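Undergrad: no sequence on this one, just coordinates:
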Ligand SMILES: [Zn+2]
């Protein structure tokens, strides 16, 4: 922080959130909270809420949230300091000269080092692939067989199969072991040894939009598991924010982007001249991806996922995320005799692919086509269910002319009158508000929970626990010995737990401005937006114990799955079994 927390709190509290946001969004008072149309995503019914009590906002539709500082950062596209200056100006508050921000400088230096490590590693893997050794020869043969020539443009490489070639090479370049471990490319074991994460793999460097290598994917040469291995999340790499091939797609300047699932799909497509192809990195499409897509000025996406069930599911989940960001969506599948775009291109070549590409369907038409396969339209009952499902899909089309065309198609298909389909669609449009109002988690929040079993119950337990701690500071001291920041999941939840344990009474809006990035502010708002409400101490105690057990259980299980030392695994196992016997009693009562 370049300004002290006191100054930040003064500026923040001097700007009333309802007053400030009211200048941008028309807000209606509904039972003490204010609602309006979210300025950060397209919507027709209000799911954007502003709380005067908590001095925070939260959108149930897209997860945008924070305090006045976050709002100005988000709507004016300012950084933390500029947002603070804006708000200080607004209330005629004179900010003092900012302090030097040592922490921020250090963070920058750290990223610089990690980038440098990735650059050296990419070079090392690239050189290894060119060597006159049998490993390299068979890797090159693999690429030859798949006709991949873009080895330089994508900086393809090979990791040697012995344990520490890269580690030694990085050491020669003068990098410290701790930086290497932080880069995710080198791992350390309990005995104090260091070894390469990627061994005996064909290496795909993952370049960000500005062409920096930020991570690697590696495909095993020969047999072994897993077939594909990615870098872990690091300060440089968050897979929910990267698309493989984005650096090359950006250069191609296409308005239409093709999104596929695998490294080889991206390579084959670029190779065949379709440089607008990018790949998701083993993760669902997120709102961060949509921002990246918009950043390279693409306004349409063609989703071309694998034909298997998982591929179709991923595709269906991606549609609303893209639509919500105002991106047009088309869908496409390769022919039934091929499993993915790579195989399709091997079999049929680029000319056929171009024809296939032109046949991409509007997302609604695609979904309706999927539905027709699920139902027997000769059967009256099934035809009715089909029409109801189709109406749901059609109600998501914003363009009236487009919608009309599909309504007519559906009417012809089912023999049900267009008016009846329209009436059914109206029902879903009306129902959209209640759907939007159902709390949804920020995708980024799930990702930030460090890959630990991210099931909903665990996320709810973390949220619930933190809300209790901030709403009832008296509970903090009792819980301190039972739950550590590391156990709650690292990242933002851990930082919040530390803050809670400090025991200073703070309101949510002030906690939010402990974080400088909008991302962290949003996650904090998401974690702390709910006010816990218990009838009495006994009810709270019961809830706290359940949440605590869920969190600890997942922590132990995760630790056990990472640990290689049998003694440690046994200790963790007995700690896990002991959980059931433990009970935290809260005697200070609900205030
Ligand atoms: Zn929103």
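TA: Okay, I see it. Remember, predicted model here, so these are calculated numbers, not experimental data.

Undergrad: looking at this protein, which helix or strand is least sure?
TA: helix 443-448 (a mean of 38; mean pLDDT, DSSP states H and E).

Undergrad: test my guess that residue 209 contacts residue 293.
TA: No - the pair residue 209 / residue 293 is not scored as a contact, 10.3 Å apart, by C-beta atoms under 8 Å. To be clear about C-beta, it is placed using only N, CA and C from the backbone, and glycine gets the same treatment.

Undergrad: out of the two, which sits in the busier spot?
TA: Neighbour totals were compared for residue 209 and residue 293, and residue 293 leads with 23 against 15 (other C-beta atoms under 10 Å).

Undergrad: okay, buried residues for the strand or helix carrying that one please.
TA: Under the criterion of DSSP states H and E, residue 293 resides in helix 287-295. Neighbour-count burial for helix 287-295, counted by 16 or more other C-beta atoms under 10 Å, picks out 287, 288, 289, 290, 292, 293.

Undergrad: and the residues you listed, which is closest to the ion?
TA: residue 287 (9.9 Å; C-beta to the ion).

Undergrad: the closest one contacts residue 321, correct?
TA: Yes - here residue 287 reaches residue 321: they are 6.3 Å apart, a contact under C-beta under 8 Å.

Undergrad: and the chain, which residues reach the ion?
TA: For the chain, the contact set with the ion under C-beta under 5 Å from the ion comprises 38, 40, 41, 59, 61, 62, 64.

Undergrad: after the least confident helix or strand of the chain, next one along is what?
TA: helix 456-471.

Undergrad: list the helices and strands that next one packs on?
TA: helix 473-479, helix 491-502, helix 518-528, helix 537-562 (3 or more C-beta pairs under 8 Å, 6 or more residues apart in numbering; DSSP states H and E).

Undergrad: out of those helices, which one sits most buried?
TA: Stretch with highest mean neighbour count among those: helix 518-528 (a mean of 24; mean count of other C-beta atoms under 10 Å).

Undergrad: hmm, who's touching that helix?
TA: By C-beta atoms under 8 Å, 6 or more residues apart in numbering, the surrounding residues in contact with helix 518-528 are 56-58, 63-67, 69-70, 73-74, 441-442, 444-445, 448, 462-463, 466-467, 470, 492-493, 496, 508, 511-515.

Undergrad: cool, and stretch 350-361?
TA: Contacts of stretch 350-361 (C-beta under 8 Å, 6+ apart): 258, 269, 272-274, 302, 304, 330-332, 334-335, 341, 344-345, 369.

Undergrad: low-confidence ranges, the stretch 301-450 of the chain, go.
TA: 430-450 (pLDDT under 70).

Undergrad: repeat that with 50
TA: Applying pLDDT under 50 to the stretch 301-450 of the chain flags the ranges 432-450.

Undergrad: repeat for the chain
TA: 432-454, 590-591.

Undergrad: am I right that residue 34 is in a strand?
TA: Yes - assessed by DSSP: H, G, I helix; E, B strand; the rest coil, residue 34 belongs to a strand.

Undergrad: tell me who's in contact with residue 148.
TA: 156, 267, 268, 271.

Undergrad: among those residues, name the buried ones.
TA: 156, 267, 268, 271.

Undergrad: how many residues are close by the closest residue to residue 418 other than its chain neighbours?
TA: Distances taken as C-beta to C-beta, 6 or more residues apart in numbering place residue 411 nearest to residue 418, at 4.6 Å, with adjacent residues excluded. By the measure other C-beta under 10 Å, the count of residues near residue 411 is 18.

Undergrad: surely residue 411 meets residue 421?
TA: Yes - with contact defined as C-beta under 8 Å, residue 411 reaches residue 421; the gap is 6.2 Å.

Undergrad: the helix or strand containing residue 390: how far from the chain's middle?
TA: For residue 390, the element it lies in under DSSP H and E is helix 380-394. Taking C-alpha atoms, centre = their mean, to the nearest Å, one finds helix 380-394 lying 33 Å from the centre of the chain it belongs to.

Undergrad: which element follows whatever helix or strand residue 354 lives in toward the C-terminus?
TA: Assigned by DSSP H and E, residue 354 belongs to helix 341-358. Per DSSP H and E, the first helix or strand lying C-terminal to helix 341-358 is strand 361-362.

Undergrad: domain parsing for the chain?
TA: 5-90, 105-235, 246-359, 365-425, 443-581 (automatic domain parsing).

Undergrad: ok now the shortest one, how far from the chain's centre?
TA: Same thing as domain 365-425. Computed by C-alpha atoms, centre = their mean, the chain-centroid distance of domain 365-425 equals 32 Å.

Undergrad: and the second one, by the same measure?
TA: Distance, stretch centre to chain centre, for domain 105-235: 24 Å (C-alpha atoms, centre = their mean).
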